[in-house]
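1. dropping the sequence and predicted coords here.
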Amino acid sequence: MDYLDFFNLSEDPFGLTPDSHYFYPSKMHNDVLASLDYAVEQKEGFSLIVGEPGTGKTTILKIFIDRWKERAEIALIMTPRLSPEELLQAILDDLSIHIETTNKNEMIKVFRDFLINHSLAGRRVIIIVDEAQNLSDGCLEELRLLSNLETEKEKLLQIILVGQPELQRRLHSEGLRQLDQRISIRATLRPLTAAETSDYISFRLIKAGKGSAILDDKTKKLIHKLSGGVPRLINLTASRAMMIAYIGASHHIRKRHVLDAVKHIPDTRPKMGFRLSTLRYTVIAIILMGTVSVLLVGYNILQRSNDSSPTPMKTMGPYLEEKAAPPSVNSPVSVKPDNSASGQRIATVTVRAARLREWPSVQAGIASVVSEGESFEVTDEWTASGGSKWYKVRIPNGGEYWIASYIVSVSSSLSKPH
Ligand SMILES: Nc1ncnc2c1ncn2[C@@H]1O[C@H](COP(=O)(O)OP(=O)(O)O)[C@@H](O)[C@H]1O
Ligand SMILES: [Mg+2]
């Protein structure tokens, strides 16, 4: 029995290809579509849609094109890493304007006739560039010049630029200001809220045949938290969690399936949490080191000014070294375990959710899931032959389990001796 049979589904509910059949009309996605409709109906020159990867830009374009394809000629440029000439050629090709010449003036003349004829026939001509952050400045300028093709009364051409937020920032730069000023419709796609994410998951499951997969509210909330509400990450997380549940013969998709699923998905929150906390500890360590150095330098200057005879340079080396030795056990931040028997070691979780395992391996059973900031006494450690390191920690009920070293920070403490 395969995955779909197991869940009694007719299709994969969380496929990654933008598909109009699965379009979930969140308020935000609907608003963006409405502004695009408005832009074309009102014959606005430029529209700009930005959003982080995976927020649904290409999906919206699919819906928009389906809506307009009977009433408009549409050129869709999906791979905009082209020279200005290639871009013009690609637009003409997509609009099925076949011309012999490669002379640019000739091409523009033919294009202008095409625009006027369609305008007279009451049809719109729309150019859409997806991933438009990849357009060179030269191509953006070429598009601006094309948008100058207008009659006295109206624009003959509507251009829609869709891309990542950096596109918006680029358009604010000096060289592209003229184009920026012509953009009359702007919209930003943001991730889904927790309530929308929950609705979105149910919606896609129903579209795929409802089936027997059960995701309760807590599981959906966890998916929202880990994916940040970005539809692509929601799909990746949900489909992997379902696959893990299927392997475990469970129709219930549980939190532990979701936590297992995100382990290898870049950009989901646990890894981000890890990076942020690593950064936080690095910053604290740098500040501490800086403070120690400033104090030492200051102290050294004081010593030298108190000394009536000038200190020969060569004596400063040993002096500084001796003073520079940091008081290691009292240091408030120590990311290295202290192997001396003098103090207890405390492991603090640095990711949003971490698994405690029965033995030191990712293959081992999950004993519990713990959250960022929780601290446990370290009772043992172990380094696998492949180099991965694990700490054995004691939890409040006295049980001892293993946690991977890269998701905790370990500090030494003298306050609670063994
Ligand atoms: N409103 C939505 N309804 C249904 N699926 C969506 C929606 N928005 C995004 N998705 C899904 O999320 C994934 C990423 O969407 P996509 O349009 O490719 O994002 P982007 O172009 O912004 O990177 C796709 O699998 C798509 O099906
Ligand atoms: Mg896209």
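-> That came through fine. Ligands and ions are numbered 1, 2, ... in the order given.
2. and the closest residue to ligand 1 within the chain, how many residues sit next to it?
-> Residue nearest to ligand 1 within the chain: Gly56 (2.6 Å; C-beta to the nearest ligand atom). Where C-beta positions appear, they are placed from N, C-alpha and C, glycine not excepted. Using other C-beta atoms under 10 Å, Gly56 has 25 other residues around it.
3. I figured it hits His29, correct?
-> Yes: between Gly56 and His29 there is a contact under C-beta atoms under 8 Å: 5.8 Å.
4. joint contacts of the two?
-> Taking C-beta atoms under 8 Å, 6 or more residues apart in numbering as the contact rule, Gly56 and His29 both touch Leu189.
5. quick revisit: could you measure from the residue of the chain closest to ligand 1 over to His257?
-> Look at Gly56 and His257: by C-beta to C-beta, to the nearest Å, they are 25 Å apart.
6. so the residue in the stretch 151-300 of the chain that ligand 2 sits nearest to, which of the three states?
-> With C-beta to the ion as the measure, the residue in the stretch 151-300 of the chain that lies nearest ligand 2 is Val162; the distance is 7.5 Å. The local conformation at Val162, judged by DSSP: H, G, I helix; E, B strand; the rest coil, is strand.
7. you'd agree it is up against Asn134?
-> No: here Val162 lies out of contact with Asn134, judged by C-beta under 8 Å, at a distance of 11.2 Å.
8. of the two, who's got more company?
-> When Val162 is set against Asn134 and neighbours are counted by other C-beta under 10 Å, the residue ahead is Val162, at 26 against 15.
9. just the pLDDT for the more buried one.
-> The score at Val162 is 98. That number is its pLDDT.
10. again with Leu222
-> Note on Leu222: pLDDT of 97.
11. count the residues that sit near it.
-> One way to gauge burial is a neighbour count; for Leu222, by other C-beta under 10 Å, it gives 24.
12. for the nearest residue to Ser405 once chain neighbours are set aside, give me its contacts.
-> Counting by C-beta to C-beta, 6 or more residues apart in numbering, Ser405 lies nearest to Lys389, which is 3.9 Å off, once chain neighbours are set aside. Each residue near Lys389 by C-beta under 8 Å, 6+ apart is listed here: Glu381, Trp382, Thr383, Ala404, Ser405, Tyr406.
13. please save the CA atoms from stretch 115-124 in CSV.
-> Coordinates of each C-alpha in stretch 115-124 appear next as CSV, following Å, rounded to 0.1, in the frame of the first residue of the first chain:
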residue,chain,number,x,y,z
LEU,A,115,-0.4,47.1,-29.5
ILE,A,116,-2.5,49.6,-31.4
ASN,A,117,-4.4,46.9,-33.2
HIS,A,118,-5.2,45.1,-30.0
SER,A,119,-6.2,48.2,-28.3
LEU,A,120,-8.6,49.0,-31.1
ALA,A,121,-10.0,45.5,-30.7
GLY,A,122,-10.6,46.1,-27.0
ARG,A,123,-7.9,43.6,-25.9
ARG,A,124,-5.3,44.1,-23.3
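14. could you pull out the strands for the stretch 1-150 of the chain?
-> Taking DSSP state E, counting those that start in this stretch to define them, one finds strands in the stretch 1-150 of the chain at 46-51, 72-77, 124-129.
15. now the angle from the first one to strand 124-129?
-> Between the direction of strand 46-51 and that of strand 124-129, the angle (axes from the mean of the first three to the mean of the last three C-alpha atoms, to 10 degrees) works out to 40 degrees.
16. check which helix or strand Gln181 maps to.
-> With the criterion set as DSSP states H and E, the secondary-structure element containing Gln181 is helix 177-182.
17. and for that helix, what are the contacting residues?
-> Taking contacts as C-beta under 8 Å, 6+ apart, the residues outside helix 177-182 that touch it are Gly45, Phe46, Leu140, Glu141, Leu143, Arg144, Ser147, Leu171, His172.
18. low pLDDT regions in this protein?
-> 269-343, 352, 385-386, 413-418 (pLDDT under 70).
19. name the nearest residue to the residue nearest to the spatial centre of it, ignoring sequence neighbours.
-> Against the mean C-alpha coordinate of the chain, by C-alpha atoms, centre = their mean, the closest residue is Asp267 at 4.9 Å. Spatial nearest neighbour of Asp267, excluding adjacent residues (C-beta to C-beta, 6+ apart): Leu233 at 6.2 Å.
20. what's the burial count for that neighbour?
-> A count of nearby residues for Leu233, using other C-beta under 10 Å, gives 24.
21. quick one: contacts for it?
-> Going by C-beta under 8 Å, 6+ apart, Leu233 touches Gly54, Leu226, Ser227, Ile265, Asp267, Thr268.
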